[in-house]
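Colleague: this one's sequence-less:
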């Protein structure tokens, strides 16, 4: 499967744009601010029903306009069109071949994408939420039950937290609190077990990818940190009863899970070099690609935003050698330097479709 055609209306800085793409490599070049990244984000949007960078739909509408539209034509065994519309006074809608999805989540998982951007540095330096998003996004592209469990969990945890904020200095309604616990206990364990199973398959693939990309024998590892590694949610709610009431929030659960990234058993956040950190992030995303491909039997769309600015020449050439193989499918690359992109793909003797913005 590949994206053959993309049309944008009033999406970010694109008034009205139409692009035709090739099946393999598409390089989008132009000055900073021209809208290169927005094209890649629109492709991501077609697959995931949201922007990679901004979840507030109103902020994606071009200034002084009232709506945006993103449409894409995909070539597959059975070609199909996807159209996404949003207006300031209307809710977001998604159509496939003109037929409206009743729920947006029914669209999720039909098209797999992997996006590598400079913003991914947040996976290393930001809080645990960024790393949970990485896990959840990968699993949700394959498992609708997991997606539904996440949505239900977020709803109930918000209700429990709202309840806890009302009980300060007051009588605690034990029955109501227990009703929230009763809903959350199985959800915690189901989400935890799915994450644990995913990471057991993902981590060996990551280790291999990092080694291939960096060309080194550095020992990397990822550790899954969760309160459920050695306790049950029932015992956690019992032991945290007073703590949760005093804190007015749910202090433990899968919403606190995290990943610890290490090189030679030392945290990469504190002691990794810039080259190691950049290689680590790219390896995470390429391993994500490999995981999705292994589960679906299809090649995800790979989006590389400003990649040559962020990694050194040796690593970028390793990456290009990797993605230019037949193992990968359709690829989109954005860069400010046309000549640099041409040189990278000429080195791999690959034909590339160039689009200048």
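Modeller: On my side now, so go ahead. Note that the structure is predicted; figures quoted are calculated from it, not measured.
Colleague: show the subsequent helix or strand relative to the helix or strand of the chain with the lowest mean pLDDT.
Modeller: Across the helices and strands of the chain, the lowest-confidence element by mean pLDDT, DSSP states H and E is helix 307-310, at a mean of 70. Per DSSP states H and E, the first helix or strand lying C-terminal to helix 307-310 is helix 313-323.
Colleague: so what does that next one touch, helix or strand wise?
Modeller: Contacts defined by 3 or more C-beta pairs under 8 Å, 6 or more residues apart in numbering; DSSP states H and E place helix 313-323 against helix 174-214, helix 274-296, helix 307-310, helix 338-347. For glycine as for every other residue, the C-beta is placed from the backbone atoms N, C-alpha and C.
Colleague: is the residue of the chain most remote from its centre in a helix, a strand, or coil?
Modeller: Using C-alpha atoms, centre = their mean, the residue of the chain lying farthest from its centre is residue 171. It sits 42.4 Å away. Local secondary structure at residue 171 is given as coil here, using DSSP: H, G, I helix; E, B strand; the rest coil.
Colleague: now swap in residue 86 and tell me
Modeller: Put simply, residue 86 is strand when judged by three-state DSSP.
Colleague: distance-wise, check it relative to residue 42.
Modeller: Distance, residue 86 to residue 42, by C-beta to C-beta, to the nearest Å: 12 Å.
Colleague: between those two, which is the more surrounded one?
Modeller: A direct count of neighbours by other C-beta atoms under 10 Å for residue 86 and residue 42 places residue 42 higher, at 26 against 20.
Colleague: can you pull the contacts of that one?
Modeller: For residue 42, the contacting residues are 6, 8, 11, 14, 70, by C-beta atoms under 8 Å, 6 or more residues apart in numbering.
Colleague: minimum distance to residue 330: which of the helices and strands packed on helix 313-323 has it?
Modeller: Among the helices and strands packed on helix 313-323, helix 274-296 comes nearest to residue 330, with 11.8 Å by C-beta to C-beta.
Colleague: and the closest one, what other elements does it pack with?
Modeller: By 3+ C-beta pairs under 8 Å, 6+ apart, helix 274-296 packs against strand 113-116, helix 122-125, helix 128-140, helix 174-214, strand 258-263, helix 268-271, helix 313-323.
Colleague: and residue 326, how many residues sit next to it?
Modeller: That count, for residue 326 with other C-beta under 10 Å as the rule, works out to 7.
Colleague: and it, how far is that from residue 350?
Modeller: Distance, residue 326 to residue 350, using C-beta to C-beta: 11 Å.
Colleague: separation between residue 127 and residue 192?
Modeller: When C-beta to C-beta is the yardstick, residue 127 and residue 192 sit 19 Å from each other.
Colleague: more neighbours, these two?
Modeller: More crowded of residue 127 and residue 192, by other C-beta under 10 Å: residue 192, with 19 against 9.
Colleague: state the pLDDT value of the more buried one.
Modeller: Among the per-residue scores, residue 192 holds a pLDDT of 98.
Colleague: and for it, nearest residue in space, chain neighbours not counted?
Modeller: residue 228 (4.5 Å; C-beta to C-beta, 6 or more residues apart in numbering).
Colleague: hang on, isn't the one you found packed against residue 187?
Modeller: No. Counting by C-beta atoms under 8 Å, residue 228 stays clear of residue 187, with 11.6 Å between them.
Colleague: which residues are in contact with each of these two?
Modeller: Residues touching both residue 228 and residue 187 (C-beta under 8 Å, 6+ apart) are residue 254.
Colleague: so how far is stretch 64-74 from its chain's centroid?
Modeller: Relative to the chain's own centre, stretch 64-74 is displaced by 21 Å; criterion: C-alpha atoms, centre = their mean, to the nearest Å.
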